[in-house]
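Enquirer: Build me a model from this:
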Amino acid sequence: MESVELTTGLVWVCTFLLSLLCLRTWVGRRRRPDKFPPSPPGLPFLGNLLSLSPREPHLQLTAWRRRYGDVFSLRMGPQNVVVVNGCAAVREALVMKGAHFSDRPSLLLTDVCNCKEGLIMAKYGKKWKSFRRFGLSALRHFGVGKEKMEPIIRRECRVLVSCFKDQEGRPFQVSRFIQTAVCNVIASIVLGTRFEPDAPEYKEEIERVDRTFQLFLDAQPLNFYPALRHVPGFRGMFREWVEMDHKSDQWYGKFIAEHKETFDPTNIRDLIDMCLLEIEQKSVSETFVTEVTIRHIASEFFDAGTETTTTTLGWALLYLALNPAWQRKVQEELDAVVGSDEIPAYSRREELPYTEATILESQRIRTTVPLSVPHCTSSPTSLQGYDIPAHTQVWVNLWSVHMDPAYWPHPDTFDPGRFLDGSGRVKVPEAFMPFSTGRRICLGEQLAKMELFLFLTSLLQQFTFKLPEGAPEPDLSGVMGATLLPGPYKILAICRKT
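Expert: Reported below is the predicted structural model:
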């Protein structure tokens, strides 16, 4: 009898949930305006959820663009999502109509971690604008975009070169060495410290960062069906997500506690100190910074600042190894203009067009964040002739912009020369937006540009990069998470000076 009652109860629960899902799906469809963007056919209740490959969503979305146009919609379970593709549509949404398209959606995975208390996922409005001004002011204070920042990056360049020399020409994976170097730059700004690559707590946090970026994609269905967090499989992912956030909270908490003990308003050492100063100088009603926001802004700067630049450098070295003729051009330019004894100043990048073009092409051919960060409409609006209701989630497909043959002939070919004009000077087309565009453009753009230039020039001055003899052809499709990582590969760093 108990078994029968349990079965009956489960049937009733499933029937109720299915009915609720049907109702939500029907209501969602009824809410679509008459001029809502077209969408691919989907399954009942699930919509296009299963049609979107978690490993290559950017490719599927770009393929749908060819059929449905620059602006189309998806039905992700009970929710509508508008996908924006191509340079013209992206600029219309994020630049021309930025006031309507600059909000962030409510997502289970970010909401459960209070990410709205940070900057990246904060709701668009007065508080966010104040927060962003504060972030930009902090970066300028510590020298980002100025010569003041270069000694910190140069120090990590020299350490990285030394690590590569220690490999003595043997095949090795570059990603972890690069990640440590890049991490130490942002750590000096945010935490006022640097880490040794084998420090246990540092390794744990970096591994959590890597896993978080991957898990965010794997657990995407939770953002559309929050009830799945109680279902086996998804329940484990949800628990892992929450546990990783808790451990990161503890890790940053220790830094914040140490800073509070040693805080001196006349000696601002890093971003945490700037946040503490903001709290001390302003009343609760005046400031947007709290002890909760310190943790979130610190982790956002640290995680995003490490992952994106590391990924771009990893792709750059791989493509240079696959294109030795272009690698030689860059090295010859460096030898002729600055030599090999001193890393060129960032201010001299205009004298090094081949080098600059190589960086730009590395960012284009493998967009680090192909789908950007999800946007959301804050009010009813229109886009390319379609009506978009308020509170509609919007995905910006930057991959479609950077792989559009209308702007980039043979887009799958690594060709830095496409960024040079007839006089050999660097030209940047409007369809180049690796840091996104508009009001939510990446806060760390200037820092990333400095790092990419200084790290890449320091490495190419000292080494020639080759793939090991007989190594299998590397997979250039990448590994998709929140960022598009190069698949694991080994490389030879051959010293140019003996």
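
Enquirer: Check the gap between the residue nearest to the spatial centre of the chain and S51 for me.
Expert: Ranked by distance to the mean C-alpha position of the chain (C-alpha atoms, centre = their mean), the top residue is V369 at 4.6 Å. V369 is 22 Å from S51, where distance means C-beta to C-beta, to the nearest Å. C-beta coordinates here come from the backbone N, C-alpha and C atoms, glycine included.

Enquirer: what sits against the closest residue to R104 other than its chain neighbours?
Expert: In this structure, R104 finds its nearest non-sequential neighbour in M121, 5.0 Å apart by C-beta to C-beta, 6 or more residues apart in numbering. Contact analysis of M121 by C-beta atoms under 8 Å, 6 or more residues apart in numbering lists 104, 107, 110, 115, 373.

Enquirer: Do you know the pLDDT at the second one?
Expert: The model reports L107 with a pLDDT of 95.

Enquirer: Also the fourth one?
Expert: In the prediction, the pLDDT value recorded for C115 is 91.

Enquirer: Distance check, the residue nearest to it when sequence neighbours are not counted against P374.
Expert: With C-beta to C-beta, 6+ apart as the criterion, C115 has its nearest non-adjacent residue at 4.0 Å, and that residue is M121. Using C-beta to C-beta, we find M121 at a distance of 9 Å from P374.

Enquirer: Shouldn't V182 be within a strand?
Expert: No: according to DSSP: H, G, I helix; E, B strand; the rest coil, V182 belongs to no strand; its state is helix.

Enquirer: just to revisit the earlier point, can I get the contacts of M121 in JSON lines including secondary structure?
Expert: Formatted as JSON lines, the contacts of M121 follow (three-state DSSP):
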{"residue": "R104", "secondary structure": "coil"}
{"residue": "L107", "secondary structure": "coil"}
{"residue": "T110", "secondary structure": "helix"}
{"residue": "C115", "secondary structure": "helix"}
{"residue": "V373", "secondary structure": "coil"}
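
Enquirer: now, among those residues, which is nearest to V81?
Expert: The nearest member of those to V81, counting by C-beta to C-beta, is L107 at 11.7 Å.

Enquirer: and the closest residue in space to the closest one that isn't next to it in sequence, how many neighbours?
Expert: Leaving aside its chain neighbours, L107 sits nearest to N223 (4.4 Å; criterion: C-beta to C-beta, 6+ apart). Residues contacting N223 under the criterion other C-beta atoms under 10 Å number 21.

Enquirer: got any ranges where the stretch 201-350 of the chain has weak pLDDT?
Expert: Flagging of the stretch 201-350 of the chain using pLDDT under 70 yields the residue ranges 283-286.

Enquirer: Please, where are all the helices along it?
Expert: With DSSP state H, counting those that start in this stretch, the ranges of helices along the stretch 201-350 of the chain come out as 221-224, 234-262, 271-281, 291-322, 324-337.

Enquirer: Now tabulate these in CSV and tack on distance to P434.
Expert: Converted to CSV, the helices of the stretch 201-350 of the chain look like this (distance: least, C-beta to C-beta, whole Å):
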stretch, distance to P434
helix 221-224, 25
helix 234-262, 26
helix 271-281, 24
helix 291-322, 8
helix 324-337, 19
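
Enquirer: Mean neighbour count, the ones you listed: which tops it?
Expert: Highest mean neighbour count of the helices of the stretch 201-350 of the chain: helix 291-322, a mean of 23 (counted as mean count of other C-beta atoms under 10 Å).

Enquirer: What distance do you get for the residue nearest to the centre of the chain to V396?
Expert: Applying C-beta to C-beta to V369 and V396 gives a distance of 10 Å.

Enquirer: any shared contact partners between the two?
Expert: Joint contacts of V369 and V396 (C-beta under 8 Å, 6+ apart) are S436.

Enquirer: how far away is P54 from A219?
Expert: In terms of C-beta to C-beta, P54 sits 10 Å off from A219.

Enquirer: cool, R66 as well?
Expert: R66 is 29 Å from A219, by C-beta to C-beta.

Enquirer: and what of E204?
Expert: The separation that E204 has from A219, given C-beta to C-beta, amounts to 21 Å.

Enquirer: cool, and N323?
Expert: Counting by C-beta to C-beta - N323 and A219 are separated by 37 Å.
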